[in-house]
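**Q** next input, structure requested:
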Amino acid sequence: MLKTLARPMLAATFVTNAWATLKDPAPIAKHAEPMIERYRKVLPDWFPTDAMTLTKVDACVKLGCGALLTVGRLPRLASLVLAADLVPTTLVGHRIWESGDPEERIHFLKNLAIFGGLLASI
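**A** Just a heads-up that it's a prediction; the model follows:
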């Protein structure tokens with residue numbers, strides 16, 4: 001019973017943020033560009049390396065897995081994929097070791113808590 005209630009709550013942040021990103025990916029792509037540029041040389045040739053494409057792919061993964069988690073279909077797999085996806089998102093988006101911004105620290109810790117919730121769902 002609790003899992004049935006908890007899964008949509010956990011998925012809500014992924015679904016809503018992914019939908020907003022798909023509607024307007026430019027701000028997220030611009031924010032991610034410096035980090036993508038840093039790793040562009042080590043990515044395989046077949047891997048898309050432009051920020052806009054990667055941002056849209058990331059949003060689609062989050063939207064799809066968030067929807068699966070919400071309805072309880074393949075919840076362990078959806079949680080695993082979301083947890084794996086959350087790591088680079090957090091490392092790119094909330095670089096607390098480079099910034100003294102307390103708000104970034106809050107977002108980093110929030111993502112860490114969500115990561116823990118996803119691991120508990122696996």
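**Q** the residue nearest the centre of the chain - nearest residue in space that isn't next to it in sequence?
**A** By Cα atoms, centre = their mean, the mean C-alpha position of the chain lies nearest to residue 86, the distance being 4.1 Å. Counting by Cβ to Cβ, 6 or more residues apart in numbering, residue 86 lies nearest to residue 115, which is 5.4 Å off, once chain neighbours are set aside. In this view, the C-beta of every residue, glycine as well, is placed from N, C-alpha and C.
**Q** buried set for the host helix or strand of that neighbour?
**A** Using DSSP states H and E, residue 115 sits in helix 102-121. By neighbour count on 16 or more other Cβ atoms under 10 Å, the buried set for helix 102-121 is 104, 108, 111, 114-115, 118, 121.
**Q** between these, which is closest to residue 68?
**A** residue 121 (11.4 Å; Cβ to Cβ).
**Q** ok, the closest one - contacts?
**A** Residues counted as contacts of residue 121 (Cβ atoms under 8 Å, 6 or more residues apart in numbering) are 3, 6-7, 10, 69, 75-76, 79.
**Q** give me the contacts around stretch 70-81.
**A** Residues contacting stretch 70-81 (Cβ under 8 Å, 6+ apart): 3-4, 7-8, 10-12, 15, 61, 65-66, 68-69, 118-119, 121-122.
**Q** same thing but at 6 Å, please
**A** 7-8, 11, 65, 68-69, 118, 121-122 (Cβ atoms under 6 Å, 6 or more residues apart in numbering).
**Q** if I look at residue 86, how far off is residue 4?
**A** Counting by Cβ to Cβ, to the nearest Å, the gap between residue 86 and residue 4 amounts to 22 Å.
**Q** swap that for residue 95, sorry
**A** For residue 95, the distance to residue 4 - Cβ to Cβ - is 36 Å.
**Q** next: residue 34.
**A** From residue 34 over to residue 4 (counting by Cβ to Cβ), the distance is 41 Å.
**Q** now swap in residue 24 and tell me
**A** 32 Å.
**Q** same check, this time on residue 110
**A** Distance from residue 110 to residue 4, by Cβ to Cβ: 23 Å.
**Q** understood, closing this out.
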